[in-house]
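Visitor: how would this look folded up:
(2 chains)
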Amino acid sequence: MSQTAEQHQSLWLLTASPSIWAAHFVLCYASAAIWCEKFAGLGGSLTAVRLAIVVYSVVALTGIGIVGWIGCGRHRFGDAELPHNADTPEDRHRFLGFATLLLSALSGVAVLFVSLVALFFGECY
Amino acid sequence: MSEHREAHEAGKRDAQPLAEAPPKEVQRAQEERLLKIWETPGGWRYWSSVNNSDIGVWYTATAFVFFLFAGVLALLMRIQLAVPDNDFLSAEVYNQAFTVHGSVMMFLFAIPIFEAIAVLLLPQMLGARDLPFPRLSAFGFWCYLLGGIFLCGAIFFDAAPRGGWFMYPPLTSKYQTDIGADIWLLGFSFIEVAAIAAAVEMIVGTLKCRPPGMRINLIPLYAWYVLVAASMMLFAFPPLITGSMLLEIERAFGWPFFDPAGGGDPLLWQHLFWLFGHPEVYVVFLPSVALIAMIVPTFSRTPIVGYGWVVLSAVGTGFLSFGLWVHHMFTTGLPGISLGLFSAASQAVAIPTGVQIFCFIATLAAGRVVRSVPMLFALGSLMIFVLGGLTGVMVALVPFDFQAHDSFFIVGHLHYVMIGGVIFPMLAGLYYFYPLFDGKKLSDRLGKIAFWLTFIGFNITFMPMHLAGLRGMPRRVFTYPADAGLNTLNLISTVGAFILAAGIAVVVWDVIRLKQKQPYSEMNPWGAGTLEWLQEMPGKPWGMRSIPEIDSCYPLWDQPNLQRDVDEGRFYLPDAEEGLRETLVTSVIDAVPQQCARLPGSSFIPMIAAFSLGGFFILGTYHWWWPAVSSLLLAVAVFCYWLWTGTARTPEKDEKYVGLGLTLPIYVSGPASISWWSVFITMLADLTAFISLVFGYFFFWTIHDDFPPQPSPGPGVFWPTLGGGMLLAAWALTVFARRWNRSGNSAAFYTGLLTSIVLAAAGSAALVAGPWLTGLDPKSHVYPATVWVLVLWTVCHVAVGIIMQLYCLARKLAGQMTARRDVEIVNVTLYWHFTALTAGITVAVIAGFPLVD
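Guide: Here you go, the predicted model:
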């Protein structure tokens, strides 16, 4: 079972989806702040930022989807069921996959929450 | 690396404990040797102890004393507010009281108690003899004690800070020029250094010091929470350190970072503060709720339901909590869309927070719940915290927040969150874990009385505050008029506060009352399943008699004879043949043994280091620059002595047999070593502080039409580029020096490192020459101030880097560092990677960005 061996595993995959969420969040925030302060001004149009947020969101959701897919594959590795709490490399592999999947789901929801803002705001203020 | 392969193969098959116990006399001899080396020093030398079981108790006790101190301040405030137009406290003293109350509760109680409990319990839960850096914990404790006394003492001299726990300028810069704010800024910066040290310790402890076989899917939930909370500290605390540094520079030298007259902006402080402040709430909440995650399965007599979901909850909360900081700034006039983004994230964080609570409820439903005092506090905590969470979602909504902002509604909300999320779990943990450090249980009867007093008192105090707030009672105002319709609500709150205080007094009495006649508790009195309950009553200083192989998340429930096998020394490291403190270092994912690490013993050095570093901050507060700098230099000397005598010691042999057929290396360098990890983690925090500075630069760029302001020339391109180039060359030579050392080419090593030092010094000078020669005056405007601060930050890091290089040269000359034993140069190179990145970003920002803009 070389694919479950320790050297092919790391905790970084767990943090991948939340990190994508964080990058998405910072990009949305920075784009909006800079656009409103530097270019649009009070009551200026937000169209450019809304478009940008849509693009960021599509990219972010795709990335999170891929990570979640990988996680799901690991979670379903072999034919064991939850909870993945056996003292074997396989169950540890499944556990990390499951946690990655859950974090991806949460990050996906959080990205959707944040990007909803683009629906509601037509102007900076 | 034959050792590694051997260790790896050993980890593949699960080691079984010795079938036969060693003969009684062997066991006794082993115990004597272990006891001798782990013994707590007696007399005044007791204070030189670095054992986690001692430091943890001091830490916890100190945090509790600060808690009581801040609690008394709260009572004084409640007396003042009991009746309208009261003059029990003057406005001035009231301002100091609420500032010190908030600051002490957050910085001297909530965060330190987390560190304290982790120092005390984490090694036990992970079957380790101690934390990976015992002297670092001691150092952190002494920093905390000194800084805490300094801060709290100020109120007795009427010199305490009085700008609120979040210290907003310009109130704390222009309008309060006395020493209070300096005490806050420097005192807490000093304590935050200690907090980051603790975070490093906990992350490395959780990842690298687990017992063999404790795979990442088997670690106790407490360890997951601690890992997340400590990682959050790395990214949450540095912005505040940066902010405090900038505000102190403004106060001391007049560089106008937050002063609009000089192009600064007080909002930058709010960003930096809340970038710390909001995650901080979760930094203190997660390790507390972690105690509940340990308590609930024990009293439900069943493993936690949804282990993976709780991990999701901890990690998810850790991330999302960094997207909330602007919800403290909803009323500052930011663009509506920005508010919308943060409002959305603030609501999203309720999802992971809720998930863990459902897991706890499911666990309670799945098991047969045993009634007990810890369970009472745990249930009380869940009820209070859920209410605080719900009002939290309310204030996450921008229109509602506009109404509730700065009113007593917020005071009610935050106390529901903090007391429900931190204090009640702590009290549950106190009753639950108390036998581990005293060998005796606290009283069930007193515990029940304490619970009902605190629970009822708490609700009577804080529930009416929501109403008072909605009726318009503002925060931080020392009194209110009689006809404002607030009299009854405030009187009820005050009565409640004293009931709550009575409950706390019962807890205190239960802890300090003499228990000589009370028999020792039986082992594992609650019937728990996790490793810390292997401990004998009373506990032994060695922590674990022998370090077991772990096969389950609840080893005491699932591994037969575990207690007997550990206590008879049938597992790893049952002995201390060489008379040295030792523990096992294992791999991150599967906890495969990698190293037998030697730990340092008792020493006064951490205390001296903490006091000399503290001298710098405390003397600096009074602007006594020469004594302050002397104290800093003394601290540097002490650190060098500490490193030289206490770290990377040459072992008497390469490998050691640790039992059960396993032989491990004693000396490890590079990413397998715990010191490499600690440098890496520390530098991540350092980089975050630097990024906060860069954020400041771009923040000012955003709010100014021209930045750099015309006709300011800026530092130019030539000098910064030259300086940056030389610093990168210095870095490259350091990397090569590491290689030359490893390949045995000593001459190249010495030449390379010396050249690197010269280049580093010259590069720093060139970097300073940029703003210097173009005459940038940091007092004139925020632009030159920001450029100077970026340059000085880089130069300070290079200076530390040079000291490190000199240290490596000295170690090599002294024969302490060799081609094979090269921890020093490997870790210093890692430091230089980060320094090169810092220098590169600085040059790109100060010289490159004006060209692009």
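Visitor: which helices and strands does the helix-or-strand element of chain A with minimal mean pLDDT pack with?
Guide: Across the helices and strands of chain A, mean pLDDT, DSSP states H and E gives its lowest value to helix A:117-120, namely a mean of 88. Applying 3 or more CB pairs under 8 Å, 6 or more residues apart in numbering or on different chains; DSSP states H and E, one finds that helix A:117-120 contacts helix A:47-75, helix B:336-348. Backbone N, C-alpha and C define where each C-beta goes, glycine included.
Visitor: format those as TSV; extra columns: distance to B:S673, mean pLDDT and mean neighbour count.
Guide: Output for the helices and strands packed on helix A:117-120, formatted as TSV (distance: least, CB to CB, whole Å; pLDDT from 0 to 100; neighbours: other CB atoms under 10 Å in any protein chain shown):
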stretch	distance to B:S673	mean pLDDT	mean neighbour count
helix A:47-75	29	94	18
helix B:336-348	38	92	24
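Visitor: shaky segments in chain A?
Guide: The model of chain A has pLDDT under 70 over residues A:1-3.
Visitor: 90 instead?
Guide: Low-confidence segments of chain A (pLDDT under 90): A:1-13, A:33, A:36-47, A:73-74, A:76-90, A:117-125.
Visitor: would you list every one of the helices in it?
Guide: Remark: helices assigned in chain A by DSSP state H are A:12-34, A:47-75, A:89-115, A:117-120.
Visitor: before we move on, back to that, show me how far the least confident helix or strand of chain A is from its chain's centre.
Guide: Distance of helix A:117-120 from the chain centroid (CA atoms, centre = their mean, to the nearest Å) equals 19 Å.
Visitor: now stretch B:173-193
Guide: 20 Å.
Visitor: just the CA atoms of it, as CSV, please.
Guide: Only the C-alpha atoms of stretch B:173-193 are listed here, as CSV (Å, rounded to 0.1, in the frame of the first residue of the first chain):
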residue,chain,number,x,y,z
SER,B,173,-1.6,58.9,21.5
LYS,B,174,-2.5,62.6,21.4
TYR,B,175,-4.9,62.7,24.3
GLN,B,176,-3.1,60.5,26.8
THR,B,177,0.5,61.4,26.8
ASP,B,178,1.2,60.0,30.2
ILE,B,179,2.9,56.7,30.7
GLY,B,180,-0.2,54.4,30.9
ALA,B,181,-0.3,53.6,27.2
ASP,B,182,3.4,53.0,27.1
ILE,B,183,3.0,50.5,29.9
TRP,B,184,0.3,48.7,27.9
LEU,B,185,2.2,48.7,24.6
LEU,B,186,5.6,47.6,25.8
GLY,B,187,4.3,45.4,28.6
PHE,B,188,2.1,43.4,26.3
SER,B,189,4.6,43.2,23.5
PHE,B,190,6.9,41.6,26.0
ILE,B,191,4.3,39.1,27.0
GLU,B,192,3.4,38.4,23.4
VAL,B,193,6.9,37.3,22.8
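Visitor: quick one: which of the helices and strands packed on helix A:117-120 is nearest B:L573?
Guide: Each of these has some distance to B:L573 by CB to CB; the shortest is helix A:47-75, at 33.8 Å.
Visitor: distance between the closest one and the chain's centre?
Guide: 6 Å.
Visitor: got it, and stretch A:29-43?
Guide: 25 Å.
Visitor: rewinding a little: in the least confident helix or strand of chain A, which residues are buried?
Guide: Going by neighbour count (16 or more other CB atoms under 10 Å in any protein chain shown), the buried part of helix A:117-120 is A:V117, A:A118.
Visitor: for the residue nearest the centre of chain A, give me its contacts.
Guide: Nearest to the mean C-alpha position of chain A, counting by CA atoms, centre = their mean, stands A:S17 at 3.6 Å. A:S17 makes contact with A:G63, A:I64, A:V67, A:G68, A:T100, A:L103, A:S104, A:L106, A:S107, A:G108, according to CB atoms under 8 Å, 6 or more residues apart in numbering or on different chains.
Visitor: between the residues you listed, which is closest to chain B?
Guide: A:L106 (4.6 Å; CB to the nearest CB).
Visitor: residues in contact with A:W12?
Guide: With contact set as CB under 8 Å, 6+ apart, A:W12 has no partners.
Visitor: for chain A, give me its nearest residue in the stretch 651-800 of chain B.
Guide: As assessed by CB to the nearest CB, chain A sits closest to B:T702 within the stretch 651-800 of chain B, at 5.0 Å.
Visitor: now that residue: how far from B:P22?
Guide: Relative to B:P22, B:T702 is positioned 69 Å away (CB to CB, to the nearest Å).
Visitor: picking that back up, what does the least confident helix or strand of chain A contact?
Guide: Contacts for helix A:117-120 (CB under 8 Å, 6+ apart): A:C28, A:V49, A:R50, A:I53, A:V54, A:S57, B:I337, B:G340, B:L341, B:A344.
Visitor: in JSON lines, list the residues you listed along with distance to B:E655.
Guide: JSON lines is the format used below for the contacts of helix A:117-120 (distance: CB to CB, whole Å):
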{"residue": "A:C28", "distance to B:E655": "54"}
{"residue": "A:V49", "distance to B:E655": "61"}
{"residue": "A:R50", "distance to B:E655": "63"}
{"residue": "A:I53", "distance to B:E655": "58"}
{"residue": "A:V54", "distance to B:E655": "59"}
{"residue": "A:S57", "distance to B:E655": "54"}
{"residue": "B:I337", "distance to B:E655": "61"}
{"residue": "B:G340", "distance to B:E655": "60"}
{"residue": "B:L341", "distance to B:E655": "55"}
{"residue": "B:A344", "distance to B:E655": "56"}
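Visitor: B:A378 touches B:P425, doesn't it?
Guide: Yes. Counting by CB atoms under 8 Å, B:A378 touches B:P425, with 6.9 Å between them.
Visitor: give me the common contacts of the two.
Guide: Common neighbours of B:A378 and B:P425 (CB under 8 Å, 6+ apart) are B:I292.
Visitor: state the pLDDT value of B:H4.
Guide: With respect to pLDDT, B:H4 scores 41.
Visitor: what of B:T647?
Guide: 86.
Visitor: and the helix or strand containing B:V508, what's buried?
Guide: Per DSSP states H and E, B:V508 falls inside helix B:487-512. Residues of helix B:487-512 classed as buried: B:489-501, B:503-504, B:506-507, B:510-511 (neighbour count, 16+ other CB under 10 Å).
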